[in-house]
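S.K.: Sequence and predicted structure, then a few things I'm wondering about:
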Amino acid sequence: MKVTSTSPFQVNSVAKAISPDIPATNGVLHIIDKVMIPPDFEYPEATKDCVGLSKESDFLTIFAQAIKAADMSAALQVEGPITVFAPTNNAFESLGEGVATSLLLPANKEKLRQVLEYHTVLSRRDTSSLAVGDQMNTLEGGMLTVSQITPTIKLDTKIEVTSTNVPATNGMMHITASVLIPPGFEYPDQTIAGLLRNSPELSILYQAVLANPDLFDYLGGTAEYTLFAPTNAAFDYLGIGIASSLLLPSNQAKLTKVLKYHFIEGSLMRSTMNTYSQVKTLERGTIQIGTIYPLVVDGYSVSTPDVPALNGHPHHRQRAASGRIQLSGQRCDATCSKCSGNGEIHSGSKHGRARIDAIRVWPFYRVCSDR
């Protein structure tokens, strides 16, 4: 062990003393910011590959989600050896509000894959093999440049490696404080219409928007809107046949009313919302903002908030809001054994035909659940 600097106090040119000279009854204590590895030290034999390591680390959960979303598991489980630079959750969040969320969408799978491939080097590189100026070939096709070795390793001038030499069965993993962005990379910049078109889980909503030319112009134009976008599962939750019925030409007016209840003029990010407030929709009604973290709207959770688009922000909803309309069906009467004549409506042409969950049709009706 060698003291390589006294101001600041540094040992072996690696570990910096955060709190030096702490007296103890049997000596002195120096708190340092790095673990010092003895020369010729052999790391324990790895038991997991790079994908497995990312799954078991709570600070790499977004990276693990990204691997799955980009269909990169096979590429990172190859025999290798490979080196993976894994960004922390904070690294993804520092990209900017909504950017990581957008990259994880199915519509942006290829862009996400490009980013992750730029984090993958086609050889095993531990810190002992790195020198300033080294260039490493990535799976993306570009080159990563080592721009600094001490006191910390930096890549491409500014990307700091915070934890090094994590052994994997198929190579090596290093943890980074920032996301590595390939040169010339263009962030997702689709309009809301483009995001809907390329998102399989929003295909029913996209069909509904296509059936309303005026709304499609909203989504593809330059004016900014916020859309609370119901997923396919949200439409299914309405009940058997209801979504299909709303898509019929004869029900276009009703469908337009429902869809407009999901639109707000202007770009409304979660960070600009107020807890327990009301927001006016294009349908001229209001929706209720509940909590912000997690985001709850009209009593339903928003699964994917703050997805940036060229002309606004869509938020994925778990349930579809229904506006001030009555879904086609039959109002209960006093003889209804299921509802006791309390004014609910049923989704089938005859009472009790559909087996669906109860939902709230804001603000006046709900659909009866006939189980």
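M.R.: On my side now, so go ahead.

S.K.: chain center to the helix or strand hosting residue 258, what's the gap?
M.R.: Under the criterion of DSSP states H and E, residue 258 resides in helix 252-260. When C-alpha coordinates are averaged (Cα atoms, centre = their mean, to the nearest Å), helix 252-260 and its chain have centres 29 Å apart.

S.K.: for stretch 197-213, same thing?
M.R.: Per Cα atoms, centre = their mean, the centroid offset for stretch 197-213 relative to its chain is 20 Å.

S.K.: Buried residues, that stretch. List them.
M.R.: For stretch 197-213, burial by neighbour count (16 or more other Cβ atoms under 10 Å) applies to 197-199, 201-202, 204-206, 208-209, 211-212. In this view, the C-beta of every residue, glycine as well, is placed from N, C-alpha and C.

S.K.: just stretch 253-265 next, same as before
M.R.: 254-264.

S.K.: Also stretch 114-131?
M.R.: 114-121, 125, 130.

S.K.: I would like the residues contacting that stretch, please.
M.R.: The contact list for stretch 114-131 (Cβ atoms under 8 Å, 6 or more residues apart in numbering) reads 66-67, 70, 72, 75-76, 80-87, 103, 136-142, 144, 146, 149, 153, 164-165, 171-172, 176, 179-182, 185.

S.K.: what's the answer for stretch 8-25, then?
M.R.: 1-5, 28-36, 150-151.

S.K.: switch the cut-off to 6 Å
M.R.: Contact with stretch 8-25 is made by 2-4, 29-34, 36, 150, as judged by Cβ atoms under 6 Å, 6 or more residues apart in numbering.

S.K.: Next: stretch 175-185.
M.R.: 85-87, 91, 95, 118-119, 140, 142, 159-163.

S.K.: repeat that with 8 Å
M.R.: 59-60, 85-88, 90-92, 94-95, 111, 114-115, 118-119, 140, 142, 144, 155-156, 158-164, 166.

S.K.: From those, list the buried ones, please.
M.R.: Buried among the contacts of stretch 175-185 by 16+ other Cβ under 10 Å: 59-60, 85-88, 91-92, 95, 111, 114-115, 118-119, 140, 142, 144, 155-156, 159, 161-164, 166.

S.K.: Quick check: phi and psi at residue 297.
M.R.: Here is the backbone geometry of residue 297 (degrees, to the nearest 10): phi -120, psi 130.

S.K.: so how many other residues sit close to it?
M.R.: 22 (other Cβ atoms under 10 Å).

S.K.: Now do the SS call for residue 250.
M.R.: helix (DSSP: H, G, I helix; E, B strand; the rest coil).

S.K.: That one and residue 230: what is the separation?
M.R.: For residue 250, the distance to residue 230 (Cβ to Cβ, to the nearest Å) stands at 21 Å.

S.K.: circling back to that earlier point, which other helices and strands contact the helix holding residue 258?
M.R.: Contacts defined by 3 or more Cβ pairs under 8 Å, 6 or more residues apart in numbering; DSSP states H and E place helix 252-260 against helix 203-210, helix 213-220, helix 242-246.

S.K.: relative to helix 252-260, how tilted is the first one?
M.R.: In this structure, helix 203-210 runs at an angle of 120 degrees to helix 252-260, with axes from the mean of the first three to the mean of the last three Cα atoms, to 10 degrees as the basis.

S.K.: Return the alpha-carbon coordinates of helix 203-210 using CSV.
M.R.: Provided in CSV are the C-alpha atoms of helix 203-210 (Å, rounded to 0.1, in the frame of the first residue of the first chain):
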residue,chain,number,x,y,z
SER,A,203,-53.9,-1.0,-31.1
ILE,A,204,-57.6,-0.7,-30.2
LEU,A,205,-57.2,3.0,-29.3
TYR,A,206,-55.4,3.5,-32.6
GLN,A,207,-58.3,1.9,-34.5
ALA,A,208,-60.7,4.2,-32.6
VAL,A,209,-58.7,7.3,-33.5
LEU,A,210,-58.5,6.2,-37.2
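
S.K.: oh, and call the first residue 47 from now on, that's how I've got it
M.R.: I'll keep to 47 as the first residue from here, and by that count the last item is helix 249-256.

S.K.: what does the average pLDDT come to for that helix?
M.R.: Regarding helix 249-256, the rounded mean pLDDT is 86.

S.K.: show me where pLDDT drops low in this protein?
M.R.: Along the chain, segments meeting pLDDT under 70 span 89, 143, 235-236, 263-264, 266-268, 354-417.

S.K.: Let me see the ranges of the helices in it.
M.R.: 96-101, 107-115, 119-122, 135-139, 145-149, 155-163, 238-243, 249-256, 259-266, 278-283, 288-292, 298-306 (DSSP state H).

S.K.: can those helices go into TSV with extra columns for distance to residue 344?
M.R.: Converted to TSV, the helices of the chain look like this (distance: least, Cβ to Cβ, whole Å):
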stretch	distance to residue 344
helix 96-101	35
helix 107-115	27
helix 119-122	37
helix 135-139	27
helix 145-149	21
helix 155-163	30
helix 238-243	20
helix 249-256	17
helix 259-266	20
helix 278-283	12
helix 288-292	18
helix 298-306	13
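
S.K.: which of the buried residues of stretch 243-259 sit farthest apart?
M.R.: Farthest pair in the buried residues of stretch 243-259 (Cβ to Cβ) is 247 and 258. Separation: 20.1 Å.

S.K.: Please report phi then psi for residue 86.
M.R.: Dihedral angles (degrees, to the nearest 10) for residue 86: phi 60, psi 20.

S.K.: can you check residue 60 too?
M.R.: Dihedral angles (degrees, to the nearest 10) for residue 60: phi -120, psi -60.
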